[in-house]
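A.B. asks: have a look at this prediction, sequence included:
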Amino acid sequence: MIIKSILVLACAAVALARGNAVLSRGIFLGKDTTEPGVTPLEIYKNPVNHATAASSIIRYISEDVKFSPHNASPAELNEVYKDWKYSIVRFKGFPMGSPPMAGDIKLEGGREKLEEQLKQRIDHIPDCEVLAREVAGMIPDYNDNRDLKVFTLSLLIVDKPEMPMGDDGFFFGGGGGGGGGGGRRPPHKPDAPRRPKNKVMVRMLTLELTLDTAILFKWVTVPDQQAHITYIELEVDQKFMALHAEGLAEKTTKSMTSVSDLMWYFTSPKKLAFADYGPTFDEQMFDGDDSQLPFVHSSLRHQGDPQLLEWLRL
């Protein structure tokens, strides 16, 4: 819990106004085993449905903090991005799965080299090829607003790993990168970590970089620079979901979302309009003074301690 508290503050610090625009994309890796026609209660009680459970909670939190990538401008997303990221990390049903990563990445050679440089930087992360390709693909071709220079490219990954299962009903966790074939991990190693069957992961990869925009035609290029990268891996706590299934189902009924719908919701379109924000919700089930509340409300503003960034740097 202490480590996660440090992570929470560090995330708040990382998400402070380094940039002035946010572009978002959502992807799903693995296999969605959610049962068709299942009730909201069963979504949370049965781990086989937890890909939809994770998607619904993320949608719920996102609507609360007005983080709406599918119909908001990059500047609008930037205003609420830190609250969104902080709220996801702080939700008790998403414990930290592995130590977070934050550090610099040297970019040279423009957008043509970006994907390969990013893949090399995150080659210890599962599915590094897929993630690098998705982040590089978020660079816009043109920029209507030349005042937007520093961008945060935010990739949300909902992940239900397809891994070899042991005799005791646990999956062997994948190691290393190279997750090209649709999210499959490389063959497990004997000493690989073991994860429960139907384990769902929520991962966030962000790249903060400067983009140049040409005066004529407004084409976007990637200048040589020292950019910043962060990676966070969270797990969906099966016991927590089952224990609080009734309350979670009641709160998130209107936000119940399949993984495919969540991916649409989290992907910034080419043509952006003003966001049509959804409703706000109650708070409960969190640490500290709000220990009985599950979600952090959008009115909270957490500045964080910039010095904690050093704890996360490689």
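C.D. replies: Good, I have the coordinates.

A.B. asks: got a list of what Trp264 touches?
C.D. replies: Trp264 makes contact with Gly26, His70 under the criterion CB atoms under 8 Å, 6 or more residues apart in numbering. Any C-beta I mention is one placed from the backbone N, CA and C, and that applies to glycine too.

A.B. asks: so it, which state does it fall into?
C.D. replies: Of the three states, Trp264 takes helix according to DSSP: H, G, I helix; E, B strand; the rest coil.

A.B. asks: and the one 4 residues further on, by the same measure?
C.D. replies: Going by three-state DSSP, the secondary structure assigned to Ser268 is coil.

A.B. asks: from Val38, how far off is it?
C.D. replies: Computed as CB to CB, to the nearest Å, the Ser268 to Val38 distance reads 30 Å.

A.B. asks: more neighbours, the two?
C.D. replies: Under the criterion of other CB atoms under 10 Å, the comparison of Ser268 against Val38 puts Ser268 first, with 23 against 14.

A.B. asks: pLDDT weak spots in this protein?
C.D. replies: 1-19, 162-196, 270-314 (pLDDT under 70).

A.B. asks: residue ranges for the strands of it, please.
C.D. replies: 21-30, 96-107, 150-160, 170-172, 194-196, 201-210, 212-213, 220-221, 225-235 (DSSP state E).

A.B. asks: pull the longest one out as PDB, backbone CA atoms only.
C.D. replies: C-alpha atoms of strand 96-107 as PDB (Å, rounded to 0.1, in the frame of the first residue of the first chain):
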ATOM      1  CA  MET A  96      -0.400  -2.500  -8.800                       C
ATOM      2  CA  GLY A  97       0.700  -5.500 -10.800                       C
ATOM      3  CA  SER A  98       4.400  -4.600 -11.300                       C
ATOM      4  CA  PRO A  99       6.700  -1.700 -10.500                       C
ATOM      5  CA  PRO A 100       6.000   1.300 -12.600                       C
ATOM      6  CA  MET A 101       8.400   2.700 -15.100                       C
ATOM      7  CA  ALA A 102       9.300   6.300 -15.900                       C
ATOM      8  CA  GLY A 103      12.200   7.800 -17.700                       C
ATOM      9  CA  ASP A 104      13.500   9.600 -20.700                       C
ATOM     10  CA  ILE A 105      13.800   8.400 -24.300                       C
ATOM     11  CA  LYS A 106      16.000  10.000 -26.900                       C
ATOM     12  CA  LEU A 107      14.200  10.500 -30.200                       C
END
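
A.B. asks: can you name every helix or strand that it contacts?
C.D. replies: If you count contacts as 3 or more CB pairs under 8 Å, 6 or more residues apart in numbering; DSSP states H and E, strand 96-107 packs onto helix 2-14, helix 111-121, strand 201-210, strand 225-235, helix 309-312.

A.B. asks: list the buried residues for that strand?
C.D. replies: Met96, Gly97, Ser98, Pro100, Met101, Ala102, Ile105, Leu107 (16 or more other CB atoms under 10 Å).

A.B. asks: for those, which one is nearest Asp32?
C.D. replies: When the buried residues of strand 96-107 are ranked by distance to Asp32 (CB to CB), Gly97 comes first, at 19.0 Å.

A.B. asks: isn't Asp147 right up against Leu211?
C.D. replies: No: counting by CB atoms under 8 Å, Asp147 does not reach Leu211; the two are 11.9 Å apart.
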